[in-house]
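Enquirer: Predicted model follows, preceded by the sequence.
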Amino acid sequence: MGAVTPPFRIMGIVNVTPDSFSDGGEFLDAPAALAHARALEEEGAALLDIGGESTRPGAQPVAQDEELRRVVPVIEALAAGGTRAQISIDTIKLEVARAAVDAGATFVNDVTAFRHEPQLAGLVAERGLDCCLMHMRGEPRTMQLDPTYDDVVSDVKAFLEQRLAFAVAEGIAEERILLDPGIGFGKTPEHNLELMRRLPELLTLGRPLLIGLSRKTFLGRITGREVGDRLAATLAANVLAYVAGATVFRVHDVAPLRDALAVAAATVRRQ
């Protein structure tokens with residue numbers, strides 16, 4: 001079989017933070033983060049998501065100046081080095097996004113879906129950027145304090161539909177928008193599994209789905225594995241999400257997922 005463009009994209013996670021739930025502190029300094037980003041690109045990442053503020057459950061906010069100090073040098077170096085991957089800035093702050101875009105980012109990944117700083121939508125529209133709108137109940141510091149829904153899938157779908165309409169009204173081209181149901185963000189393990197089972201219902205919104213399942217706590221609950229030993233669970237969950245219709249996958253471990261998705265693609269969606 002000859003090489004073909006895969007019907008999926010992998011977003012490699014580059015956490016320039018001391019406190020992310022899985023790899024906090026491993027890539028806090030710019031040279032380490034840059035080397036990690038380049039390695040993820042070599043493994044097959046089509047996007048590199050650079051973040052300077054943890055969104056793990058219970059995480060505390062990071063000052064804007066500190067977040068800028070963490071992410072801008074990494075993005076500048078990646079852009080200057082001619083990376084083939086699209087550079088994403090994982091932030092909820094307008095000025096951090098602006099600086100990141102000036103440094104070379106062309107994708108904004110906002111876990112609040114432009115609710116924290118609605119003006120961020122205007123920046124995305126003005127600069128012609130791609131973006132992802134994610135569902136989250138509450139904020140990282142409080143999101144896992146007894147999250148409840150009438151029906152988690154219907155509630156998440158209604159939220160994403162509303163935020164999609166807001167983004168388009170602000171001038172963002174619809175074809176530049178991805179949607180993320182926010183697995184693990186203000187949801188119980190049961191909520192996460194229900195979203196996974198009914199993922200096709202979210203596809204009726206007409207936009208590609210980005211899924212973040214990498215090493216998540218609910219996978220640990222199912223398998224009994226600690227965070228550093230959830231690769232197999234992560235691969236299984238992402239393959240199931242692909243079969244259900246997701247096409248963009250945000251992960252720590254790019255190479256194994258690339259192989260797993262390639263097999264899934266060849267099996268269920270032969271071109």
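Expert: Alright, I've got the coordinates.

Enquirer: only C-alpha atoms for contact and neighbour calcs from this point on.
Expert: Will do.

Enquirer: Need the contact partners of the longest strand anywhere in the chain.
Expert: For the chain, the longest strand by residue count, based on DSSP state E, is strand 9-15. Contact with strand 9-15 is made by 23-24, 27-28, 33, 36-37, 40-41, 44-54, 247-254, 258, as judged by CA atoms under 8 Å, 6 or more residues apart in numbering.

Enquirer: Note down every partner strand of that strand and its orientation.
Expert: strand 47-51 (parallel), strand 248-251 (parallel) (DSSP bridges).

Enquirer: Give me the buried stretch members for the host helix or strand of residue 260, please.
Expert: In the assignment (DSSP states H and E), residue 260 maps to helix 254-268. Neighbour-count burial for helix 254-268 flags 254, 255, 256, 257, 258, 261, 264, 265 (criterion: 16 or more other CA atoms under 10 Å).

Enquirer: Can you turn the buried part of the contacts of strand 9-15 into a PyMOL selection?
Expert: In PyMOL, this line selects whichever of these come out buried by 16+ other CA under 10 Å:
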select buried, resi 23+27+28+33+36+37+40+41+44+45+46+47+48+49+50+51+52+53+54+247+248+249+250+251+252+253+254+258
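
Enquirer: show me the contacts for residue 99.
Expert: 68, 72.

Enquirer: Any regions of the chain where pLDDT drops low?
Expert: For the chain, the stretches with pLDDT under 70 are 1-5, 19-28, 56-59, 140-144, 269-271.

Enquirer: now with 80?
Expert: Along the chain, segments meeting pLDDT under 80 span 1-6, 18-28, 55-60, 138-146, 269-271.

Enquirer: show me where this protein has strands.
Expert: So, for the chain - with DSSP E - the strands run 9-15, 47-51, 86-90, 107-110, 130-134, 177-180, 210-212, 248-251.

Enquirer: do you know which of those strands lies nearest residue 190?
Expert: Closest approach to residue 190 among the strands of the chain (CA to CA): strand 210-212, 16.2 Å.

Enquirer: other SSEs contacting the closest one?
Expert: If you count contacts as 3 or more CA pairs under 8 Å, 6 or more residues apart in numbering; DSSP states H and E, strand 210-212 packs onto strand 177-180, strand 248-251.

Enquirer: Distance to residue 229 for the strands of the chain - can I get that in JSON lines?
Expert: As requested, those are exported to JSON lines (distance: least, CA to CA, whole Å):
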{"stretch": "strand 9-15", "distance to residue 229": "17"}
{"stretch": "strand 47-51", "distance to residue 229": "22"}
{"stretch": "strand 86-90", "distance to residue 229": "25"}
{"stretch": "strand 107-110", "distance to residue 229": "26"}
{"stretch": "strand 130-134", "distance to residue 229": "26"}
{"stretch": "strand 177-180", "distance to residue 229": "24"}
{"stretch": "strand 210-212", "distance to residue 229": "17"}
{"stretch": "strand 248-251", "distance to residue 229": "14"}
